[in-house]
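Q: Here is the input, now give the coordinates:
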Amino acid sequence: MKQHFLSTLPCLAFVLLLRQNRSQPDPSPLASFSADWNDSRYLACNTAVNSRYMNDNEKEVIYILNLLHSNPKLFANSVVTKYPEYMNRNYLTNVPEYQSLLDTLRKVRTLPLLYPDSLCFESAKCHATSAGKIAYVGHDRKTEECKVKKHHQGECCQYGYKDALSIVMALLIDQNVSSLGHRFLCLSDYAHIGVSVQPHTGYGYNAVLDFYY
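A: Predicted coordinates for the structure are as follows:
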């Protein structure tokens, strides 16, 4: 009996460790920029975690936007300030829109969280898929199916990036967009969102974010 008991100790230890690891939340997608983002209060920002119709990357776009909404100043002082070097895009520090983004986020108030919406997602997915196939750039729906599924009150389209953080940062910086329309949409009071990232024959990838009150 003694030998049997001792031989099971590693197994018991492994099970306990596995249970402990399962109870711990995954690190924040912004943890590389500041450990403050791992604070448990930001777990509520992961509103799309249980959405079955979006993939993990699309869910992360919403997660990052909600982290931004929850603490714009921390986002500015951790993510935005470190992003150029972190992504090896140091040229961004000389872009006027980058500097204005820092100024804006250090002044903006806390914003409501965004929640995933299946109708917004279907709208975004249809447009991202159809636009990607014909290398289209813009907001006009090119198929009857997408015209029927259109469901948004605000829309961002981003071309060239696949990963969630690059998509969000490109929209926030909004380089060469005089109206800064994408930035203002991302910093709006919309309540619902659908995100789709699809292949694009012209730019590699395109992301469509459809917002709704």
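Q: can you pull the contacts of Asp174?
A: Contacts for Asp174 (Cβ atoms under 8 Å, 6 or more residues apart in numbering) come out as Glu97, Leu101, Leu180, Gly181, His182, Arg183. All C-beta spots, glycine's among them, are computed from the backbone N, C-alpha and C.
Q: Is it possible to mark the buried ones in these?
A: Among these, those scoring as buried are Glu97, Leu101, Leu180, His182, Arg183 (criterion: 16 or more other Cβ atoms under 10 Å).
Q: Sketch out the helices for this structure, chain order is fine.
A: Here the chain has its helices, by DSSP state H, at 2-23, 56-70, 72-74, 81-86, 96-105, 118-134, 144-149, 164-173, 181-186.
Q: List the buried residues in the fifth one.
A: By neighbour count on 16+ other Cβ under 10 Å, the buried set for helix 96-105 is Glu97, Tyr98, Leu101, Thr104, Leu105.
Q: thinking the second one is in contact with Leu92, fair?
A: Meaning Tyr98. Yes: contact status for Tyr98 versus Leu92: in contact at 4.8 Å, counting by Cβ atoms under 8 Å.
Q: what sits in contact with each of these two?
A: Common neighbours of Tyr98 and Leu92, using Cβ under 8 Å, 6+ apart, are Pro84, Ile173.
Q: can you pull the contacts of Ser70?
A: Contact analysis of Ser70 by Cβ under 8 Å, 6+ apart lists Arg41, Tyr42, Cys45, Thr110, Leu111, Leu113.
Q: Ok, Glu60 next?
A: Going by Cβ under 8 Å, 6+ apart, Glu60 touches Pro29, Ala164, Leu165.
Q: sorry, back to before: same list (the buried ones among the contacts of Asp174) but as JSON lines, adding distance to Phe121.
A: Below are the buried ones among the contacts of Asp174 laid out as JSON lines (distance: Cβ to Cβ, whole Å):
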{"residue": "Glu97", "distance to Phe121": "28"}
{"residue": "Leu101", "distance to Phe121": "27"}
{"residue": "Leu180", "distance to Phe121": "25"}
{"residue": "His182", "distance to Phe121": "19"}
{"residue": "Arg183", "distance to Phe121": "22"}
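Q: Any stretches of this structure with poor pLDDT?
A: 1-25 (pLDDT under 70).
Q: do that again at 90, thanks
A: 1-26 (pLDDT under 90).
Q: excluding its backbone neighbours, what's nearest Gly132?
A: Spatial nearest neighbour of Gly132, excluding adjacent residues (Cβ to Cβ, 6 or more residues apart in numbering): His200 at 4.0 Å.
Q: With Phe121 instead?
A: Gly194 (3.3 Å).
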